[in-house]
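# with the input below, show me the fold.
(chains A, B and C)
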Amino acid sequence: MNHKDTDFQAFSHQILLWYSLNPRELPWRGTKNPYKIWLSEIILQQTRVAQGMPYYYKFVKNYPTVEDLALAPEEDVLRLWQGLGYYSRARNLHTCAKYIHFELGGKFPETYAELLKLKGVGSYTASAISSFAFGEAKAVVDGNVFRVLARYFGIETDIASSRGKKEFEALADQLIPKDQPGEYNQAIMDFGSRQCTPTNPDCGICPLKQSCFAYTQNLVKDLPVKIKKLKIKERHLHYYIIKCGEDWVWKKRGSGDIWEGLFDFPVLEKEKPNDSLQFEPLDGKEFEQIDKKYRHILSHQKLNATFSKVEIPSKNYQKLADWCEERGFILVNEEKIDYLAKPKLIVNFLNDQGI
DNA sequence: AACGCGGGGTG
DNA sequence: CACCCAGCGTT
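Sure thing, here's the model as predicted:
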């Protein structure tokens, strides 16, 4: 493959031409506000535009500036992020907002190199912000760009490998027009999203088909190459709903597992579904098993969850409170459950309970 | 270099 | 069911 500069220019020109005729209308387009661009990019990491859109609106409304976000409690930020997944994004977002507001005097970093230092901002996001907000000629390489470049230039390197990432980023940086980097970055992502789609692209109407390696070699289905080795773990969780009056026992999840920082209940995990469950007696009250079984699919885990509940007499409230204190559990009034950031599985369960 | 981290859409 | 999505941090 010997692609000369003229080939690169022709490619970029075609991408920009296609984009001028087929732009997506998106709420974060047209702004140069680095805060809003950053917000949108974090939300869109591994997330479809349609899924992220309502969250972008919620965040801009609740936190119009980086200062508003910096001054918010982390639990509020996580609650607003509830349901979007990859919750470290929300925690890092908040960490960075505080850093920018309190340490940088509210001045948003303006270069690729500086942006890259922000937690949760990697090469893709730093390129996006620096090109969209500040006109820096750093090329974005997301899932769309991997696909478009792999097909058009016939690159068979595994896009999941670090070597592939470097190779594609180097190529992308050669392709980006220095005079309109932001426009080009938007263009190639839209092109990948709407024309050069993962499956069944309509190559017949593609303006780049004559010079596309994959199309001319009939390899569209084979590119890009992505070697996946995701091993899915099956887990069996048994949750305990412990109520006393109007209060429920909740547990804030810690690090080293899914849903860090979110709230669920005391839980026992079974290695096998038929292992017997033991839970220390509370006032000798029996737990009542809830019939419905919940299956919750994550990208890397399959969760099987069951729930039992027990009602503790109000006269033993203080005893229960002490019991919680020792174990890092908290008592939350039913009226305030809505304010807790919860995993989707727990939200589903509560909906079934009429909460 | 390999792995963990959500939830939802699509064929 | 498998694959993918405006990826990143940790080990």
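
# for DNA strand C, give me its nearest residue in chain A.
residue A:122 (2.5 Å; CB to the nearest atom of the strand). Quick note: C-beta positions are derived from backbone N, CA and C, even for glycine.

# flag every residue of chain A that's near DNA strand B.
A:46-48, A:50-51, A:83-88, A:161-163, A:199-200, A:229, A:231, A:256-260, A:296-301, A:343-345 (CB under 7 Å from any atom of the strand).

# and these, which are buried?
Buried members of the residues of chain A next to DNA strand B, scored by 16 or more other CB atoms under 10 Å, are A:47, A:84, A:85, A:87, A:259, A:296, A:298, A:343, A:345.

# so who does the second one touch?
Under the criterion of CB atoms under 8 Å, 6 or more residues apart in numbering, the contact list for residue A:84 reads A:43, A:47, A:51, A:52, A:55, A:90.

# ok, 7 Å please
Counting by CB atoms under 7 Å, 6 or more residues apart in numbering, residue A:84 touches A:47, A:55.

# then the last one?
The neighbourhood of residue A:345, defined by CB under 7 Å, 6+ apart, consists of A:294, A:296, A:303, A:305.

# could you dump those into JSON lines and include pLDDT?
Output for those, formatted as JSON lines (pLDDT from 0 to 100):
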{"residue": "A:294", "pLDDT": "97"}
{"residue": "A:296", "pLDDT": "97"}
{"residue": "A:303", "pLDDT": "97"}
{"residue": "A:305", "pLDDT": "96"}
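
# out of these, which touch DNA strand C?
Among the contacts of residue A:345, proximity to DNA strand C is found for none (CB under 7 Å from any atom of the strand).

# show only the entries of the residues you listed found in strands.
In strands, defined here by DSSP state E, the members of those are A:294, A:296, A:303, A:305.

# what is the neighbour count of residue A:24?
For residue A:24, the count of nearby residues is 12 (other CB atoms under 10 Å).

# what of residue A:254?
10.

# show the backbone phi and psi for residue A:222.
The phi/psi pair for residue A:222 (degrees, to the nearest 10) reads phi -100, psi -10.

# contacts only, for the nearest residue to it once chain neighbours are set aside.
Leaving aside its chain neighbours, residue A:222 sits nearest to residue A:214 (7.5 Å; criterion: CB to CB, 6 or more residues apart in numbering). By CB under 7 Å, 6+ apart, the contact list for residue A:214 reads A:151, A:154, A:220, A:223.

# taking the contacts of residue A:345, please make a ChimeraX selection of just the buried ones.
Provided next is the ChimeraX selection string for whichever of the contacts of residue A:345 are buried by 16+ other CB under 10 Å:
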select /A:294,296,303,305
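
# wait, residue A:11 sits on residue A:175?
Yes - at 6.2 Å, residue A:11 counts as touching residue A:175 under the criterion of CB atoms under 7 Å.

# I'd like to know which helix or strand in chain A has the lowest mean pLDDT.
When the helices and strands of chain A are scored by mean pLDDT, DSSP states H and E, strand A:267-270 comes last with a mean of 89.

# ok so, going back, tell me which two of the contacts of residue A:345 sit farthest apart.
A:294 and A:303 (7.6 Å; CB to CB).

# the residue of chain A closest to DNA strand C: neighbour count?
When neighbours are counted by other CB under 10 Å, residue A:122 registers 12.

# quick check: closest non-adjacent residue to it.
Nearest to residue A:122 is residue A:116, by CB to CB, 6+ apart, at 7.3 Å.

# give me the neighbour count for the one you found.
Residues within reach of residue A:116, counting by other CB under 10 Å, total 17.

# surely it and residue A:127 touch.
No - the criterion here is CB under 7 Å, and residue A:116 misses it with residue A:127 at 9.2 Å.

# related to what we said a few turns ago, and the least confident helix or strand of chain A, how far from the chain's centre?
The chain centroid and the centroid of strand A:267-270 are separated by 26 Å under CA atoms, centre = their mean, to the nearest Å.

# for DNA strand B, what's the nearest residue on chain A?
residue A:85 (2.5 Å).

# what about the spatially closest residue to residue A:26 that is not a sequence neighbour, distance to residue A:55?
Excluding the flanking residues, the one nearest residue A:26 by CB to CB, 6+ apart is residue A:49, at 6.8 Å. Applying CB to CB, to the nearest Å, the value for residue A:49 to residue A:55 is 11 Å.

# repeat for residue A:250
Separation of residue A:250 from residue A:55 (CB to CB) stands at 24 Å.

# now do the strands in the stretch 151-300 of chain A.
With DSSP state E, counting those that start in this stretch, the ranges of strands along the stretch 151-300 of chain A come out as A:233-244, A:247-252, A:263-264, A:267-270, A:288-297.
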